[in-house]
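Asks: Quick check, what structure comes out for this input:
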Amino acid sequence: MDFLKQIKEIASSKKVNIVLPETNDERILLASEIIIKENICDLTLIGDKKEIINLGYNLEKANFLNPKEDDLSEISKQLYEIRKNKGITEEEANDLIKNPLYLSVMLIKTKKTHGMVAGAINSTSDVLRPSLQILKTDSNSKIVSSFFIMIVEGFKDPFIFADCALIQMPNSNELSEIAASSARTYKQIFNKEPNVAFLSHSSFGSAKHDMVSIVKEAVKISKEKYPEINMDGELQLDAAIVPSVAKIKAPNSTVAGRANVLIFPNIDSANIGYKLVQRFAKAQAYGPITQGLSYPVNDLSRGCSVEDIVGVTAITAFQAQKFI
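Replies: Predicted coordinates for the structure are as follows:
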């Protein structure tokens, strides 16, 4: 079965409510129509319901919240209580709650919704800032990172590529945490055991460089902290995913030749890597998807299509099911 179709079916089997704050973008409204028509999840839209419906969009089944007209005093008080130790005043909380991104995150925090998708018109930093301030990281994670789901023709298993969008130059500890989060994510989404490869231009010491040392140390940390996860490295890409190459370059590795979670040494290599695979191999790429937050908040590319928004919302709804 097509991956996205399967995710949509799982999402629709146990309804959650996902908030979309960027209703002044036509792509969001068109995607919302599709999400409702396909019965993927319930939606909360931040904006003027009458104005949006009058534009011709069939969104009567969505929940609406209008920060310009609706009473937000109670949720503003809750924001103040959460952030007062950081110096926010009640007046500042009243102003901040009118920001659709902060309002959306507070709807998640107060369990009125279960996740958020944004980024069509806002930067990654603007999308994630309120989430980091209000939702914090989950109990299993020390950092927030991102991944892409890659479905590549010719390979039996799907892949996760990380981190492609958030942590630019991870140190060894950060690489270890990205790997652990990605492994948990892989098992949650695909119900399969993750085989995690820490990628490098070196395989088990074939090259010497400071970047290689960072990856080697990350592997050492990971094996000590997460012995239950099958991890190995450092590995060149071909040794990680091609069995015949793995027999030559890493014959004793339990990961080499069968990796399905690829941890890149930095954001440059990860971002370039997923786009190369997407464009040259015509792979399906879904993301960036955020991991490590206490509730799912996912960031769209500002160049996203309507189909991208539908797909990321379906994945977000799937992620959110464990919270209801």
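Asks: May I have the beta-bridge partners of residue 44?
Replies: For residue 44, the beta-bridge partners are residue 19, residue 63 (DSSP bridges).
Asks: ok, now which ones touch it?
Replies: Going by CB atoms under 8 Å, 6 or more residues apart in numbering, residue 44 touches 17, 18, 19, 20, 62, 63, 64, 65, 104, 107, 112, 113. All C-beta atoms are positioned from the backbone trio N, CA, C, and that covers glycine.
Asks: Let's see that with 6 Å instead.
Replies: 17, 19, 63, 113 (CB atoms under 6 Å, 6 or more residues apart in numbering).
Asks: And stretch 303-320, what's buried?
Replies: By neighbour count on 16 or more other CB atoms under 10 Å, the buried set for stretch 303-320 is 304, 306, 308-320.
Asks: Can you list which of those are found in helices?
Replies: 306, 308-320 (DSSP state H).
Asks: Where does confidence bottom out across the buried residues of stretch 303-320?
Replies: Sorting the buried residues of stretch 303-320 by confidence puts residue 304 at the bottom, with a pLDDT of 85.
Asks: who's in contact with that one?
Replies: residue 120.
Asks: and it, what are its phi and psi?
Replies: With angles defined as degrees, to the nearest 10, residue 304 sits at phi -70, psi 150.
Asks: Please tell me how far it sits from residue 167.
Replies: For residue 304, the distance to residue 167 equals 21 Å [CB to CB, to the nearest Å].
Asks: circling back: could you provide the contacts of residue 44 in TSV, with additional columns for distance to residue 120 and pLDDT?
Replies: Converted to TSV, the contacts of residue 44 look like this (distance: CB to CB, whole Å; pLDDT from 0 to 100):
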residue	distance to residue 120	pLDDT
17	19	97
19	14	97
63	19	95
113	18	95
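Asks: just the buried members of those?
Replies: Buried, going by 16+ other CB under 10 Å: 17, 19, 63, 113, out of those.
Asks: ok, the residues you listed vs residue 96, which is closest?
Replies: residue 19 (16.3 Å; CB to CB).
Asks: In terms of secondary structure, what does whatever helix or strand residue 186 lives in contact?
Replies: Element membership for residue 186, per DSSP states H and E: helix 172-190. For helix 172-190, the packing partners by 3 or more CB pairs under 6 Å, 6 or more residues apart in numbering; DSSP states H and E come out as strand 145-151, strand 159-162, helix 210-225, strand 261-263.
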